[in-house]
Each structure stands twice: as structure tokens, then as C-alpha cells.
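Colleague: Here is my input; please provide its structure:
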Amino acid sequence: MSIDDLSNKIITALSSGASPSSSINVKKLRKQILLQLQTDSDDKEAKKNFKKTVQKLEADGVLTLNKDGEITLISQKLNRKTDNEKANKSKKDKKKKDKKKENGDVSDSKRKKDTLDDNGDGDEDKSQSTRHEKRQKIESEIMKSTAEEELEEEEDAAKEKNNADDYDDNDEDEENTTMHKNSNEKNKPCNGNPSGCTRLFLGNLPFAVDEASLRSFLSPAEMTHVKWITDKETGKFYGSAFIEMATSKCGAIAVKQKNGEKLMGRPIRINFAPARESDQWPPKSKEVTGNGGQAGGSGVKAMGVKPDNCVKLFIGNLSFDIDDDTIMKFFANVDAEVKAVRWLHHRDTGDFKGCGYVEFWNTEACQKGATLNGKSLMGRPIRIDWTD
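Modeller: So this is what the prediction gives:
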């Protein structure tokens, strides 16, 4: 699309605002225009054309772009571009015409003088002096005109460069602010936390602790993430956790005011624990491991809602060496007699998926079997849930 067509779309988009002088962020406008053109918003060439068009419109006085990246349409100047171009063109044409006329007059005068000289009717020395003066005058005016045009071109080029620099600076400043603002403020060193650490270790936690009770205990310090420390095989809670605080100041408050304070009757140990370079911290999830917010218990996901008269359970995270006898003996430990077992296999390869279903003789046996959720079977914490 040509720059003129793109200019019209930008002006139309700005004109459709709440008022003729309404502003819009340059990135938002670019996304809107590229969407109208059915062009990928990450297309570098399209973004480049948009940038050039905005710079041209600003140079023509149709819109303004401030340091915050806000574009404002100047309604009074919507038609100024064409008028200015016509006026400038007319002015230049007039200058050229005047020069041509002046040059023509000089040429006519020169021809007349030459004719007079050839005919012997004029004074030769006087004629030569006059021609020399006029020639110097013409050359002087041409040089002056050329210098003025070059000065105008330099000023236009400087203005265009400044606009381009402002546009790029706005883009870079906004991206840099977005990327570094939160990081700089969050990990800013403060009194009681000179390193700006926001990762804490908590020890001697009660097994009944959950995310809500821990947040309440740490208040007014704000916690954003918690990772309950559990046994890798059994999922058993160890009574400790790593937590991420909202800011370094929150970390300082937690260590200074809450270390040694009791939670559910147990004095909590809190200290700074900077993350290692190899650690993925803070974690993607706000809570890592736990039973629906509960730290203690099995350490696995809570079971769903039990259907009425349920006699069947889903079993997962099984060893690939599991067999019918092993699973039946496992549930027999809680006096839950298994009626049938169905293992799940991949349809294409026939390989065991590591999960299946067990059916019990009655709902009471099924209820007993469910109590084994998270218990270790052949070195792996079994995952159990209700099913129809």
C-alpha cells in the first residue's frame, strides 16, 4: 500500500475518535491500522511503512507525536498539506519564472548590445563593462538562490531526522520501561534487606498450613508464590517451603517481624534464600505442590466430587511393572476388595499408559480404597480419583 493510502487510513482512524483532537497511543494505532489491512502486526516491513507515514504526516502538520508516544490529530491542519504543497510549488514556480524573465531580459539586452557593437553604433568599452556587471549580478543571484534552497533542504532533513529519533526513542523508552520497571522496584535494596532478595525459606511449618493461613500470618508483607517442599516419591509434606514476596521491603518485614513467631502453635523459621542461577524462580504457578492449597497430607491433587453410589476408581501414576495381583493386594491393606481391574493401553502401539480403573463390590469398599490416594505403590505415589 502506498504512503498516501496509508496516510488516509491513519487520518480516518484518528478522525473517528471522540473528538477531532483526541489522542491515541502510536502502537495501538499501528496495530489497528495493520489489522484493517489484514497484515501481521509483527511484519517488519509494514511497521516500517507505518513509521515513515506517521513521520511524513507530522512533518506536514497533520498530526503531532509527543514523547509519551501519543498521536494527536490537528483538525485545522488536515488540508494544510495540499495547500502548503501548492503554495510552495507556486512560490518556486514564480521564482523560476522571475529568474527566467530576468535571464531573458539580460540575454535580450546582451543581444542588442552585441548588435550595436557589430554595427559600430555603441561604445565597445562601455558595452563590455555593462555586460560584465550584469553577468556578475546574475551569477550572484543564482548562487544566493541555490544557497537558500540548500538551506531549506537541510532544515527539512534535520526536522525529519529529529522526528524519526523521537519516534524511535518513544518506542525504546516504552519497551525499556515495561521490561525493567517492575524488576528495579521489586528487588531494590532496602533497610533490613541490603541485597534486595525476595525469595524466603520457611521452616517448622505445621502440616495443616495452607496458602490462605500462610498469607494471613505474613501480613502486612505480601506473598506472591509458594512452593511447598515435599518428598519426590511419596509427596509427603516436609513442613517447609520457599516463598516469593511482592517486593524486597515485604521480604525484610517477613524476616524481621515474623521470624520466630508462632503459626498454629509452632514457631516459624524464616530467612532469606536467594535463588540459584539454575533455578526457575519465581515458579510459573502461584502455588507449587499441595492438595488444593493444603500443604500437608498426600501432597497430590485433591480428588473430585464423589458420584452417588460410586463403586469405581481411576488409578494413575502407576509403575509399568504393575499387575492385577499387586493392585488387589494394595487395596486389601484397607479392606477394600477389588471386583475387577481394567488397564489402559495406547490404541496404536498397545503400550501400557500407566493408569487404569478398579471396580469394587460396593460403595463402602470404594470409599476405603480412595483413602490410599497419594500412597506409595512400587515406589510411586498413586493418584486416585472417583469415576462413574
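
Colleague: Please make it C-alpha for all contacts and neighbour counts, starting now.
Modeller: OK.

Colleague: Can you tell me the SS state at Leu29?
Modeller: When the structure is reduced to helix, strand and coil (DSSP: H, G, I helix; E, B strand; the rest coil), Leu29 reads as helix.

Colleague: Please name the residues that touch it.
Modeller: Neighbour list for Leu29: 10, 13 [criterion: CA atoms under 8 Å, 6 or more residues apart in numbering].

Colleague: ok, so what distance separates it from Arg276?
Modeller: Distance, Leu29 to Arg276, by CA to CA, to the nearest Å: 42 Å.

Colleague: Thr349 now?
Modeller: The separation that Thr349 has from Arg276, given CA to CA, amounts to 42 Å.

Colleague: go on, Thr230?
Modeller: From Thr230 over to Arg276 (counting by CA to CA), the distance is 19 Å.

Colleague: Pick out whichever of those two has more residues nearby.
Modeller: Thr230 (21 against 8; other CA atoms under 10 Å).

Colleague: Excluding residues flanking it in the chain, which one is nearest the more buried one?
Modeller: Distances taken as CA to CA, 6 or more residues apart in numbering place Phe237 nearest to Thr230, at 4.3 Å, with adjacent residues excluded.

Colleague: For the spatially closest residue to Phe217 that is not a sequence neighbour, which residues are in contact?
Modeller: Spatial nearest neighbour of Phe217, chain neighbours left out: Leu263 (7.0 Å); criterion: CA to CA, 6+ apart. Applying CA under 8 Å, 6+ apart to Leu263 gives the contacts 205-206, 217.

Colleague: now with 10 Å?
Modeller: By CA atoms under 10 Å, 6 or more residues apart in numbering, the contact set of Leu263 is 204-206, 209, 213-214, 216-218.

Colleague: The residue nearest to Thr230 is in contact with Gly203, isn't it?
Modeller: No: counting by CA atoms under 10 Å, Phe237 does not reach Gly203; the two are 11.6 Å apart.

Colleague: overlap in contacts of the two?
Modeller: Ile229.

Colleague: For Arg269, which non-adjacent residue is closest in space?
Modeller: In space, Arg269 comes closest to Gly203 once its chain neighbours are excluded; the distance is 4.9 Å by CA to CA, 6+ apart.

Colleague: Tell me where the model's unsure across the stretch 101-250 of the chain.
Modeller: Per-residue confidence for the stretch 101-250 of the chain (pLDDT under 70) gives these ranges: 101-132, 134-184, 232-235.

Colleague: go with 50
Modeller: 106, 116, 118, 121, 164, 167, 169, 172-181 (pLDDT under 50).

Colleague: one step back: Phe237 and Gly203: which has the busier surroundings?
Modeller: Counting neighbours by other CA under 10 Å for Phe237 and for Gly203 shows that Phe237 has the greater number, 23 against 18.

Colleague: Could you check how many residues crowd around Asn259?
Modeller: By the measure other CA under 10 Å, the count of residues near Asn259 is 17.

Colleague: Pretty sure Leu202 is one of the things it touches, is it not?
Modeller: Yes: with contacts counted by CA under 10 Å, Asn259 reaches Leu202, the gap being 8.9 Å.

Colleague: Show me the common contact partners of the two, please.
Modeller: For the pair Asn259 and Leu202, residues contacting each of them under the criterion CA under 10 Å, 6+ apart are 268-271.

Colleague: For the residue nearest to Phe217, name its beta-bridge partners.
Modeller: On the basis of DSSP bridges, Leu263 is bridged to Arg266.
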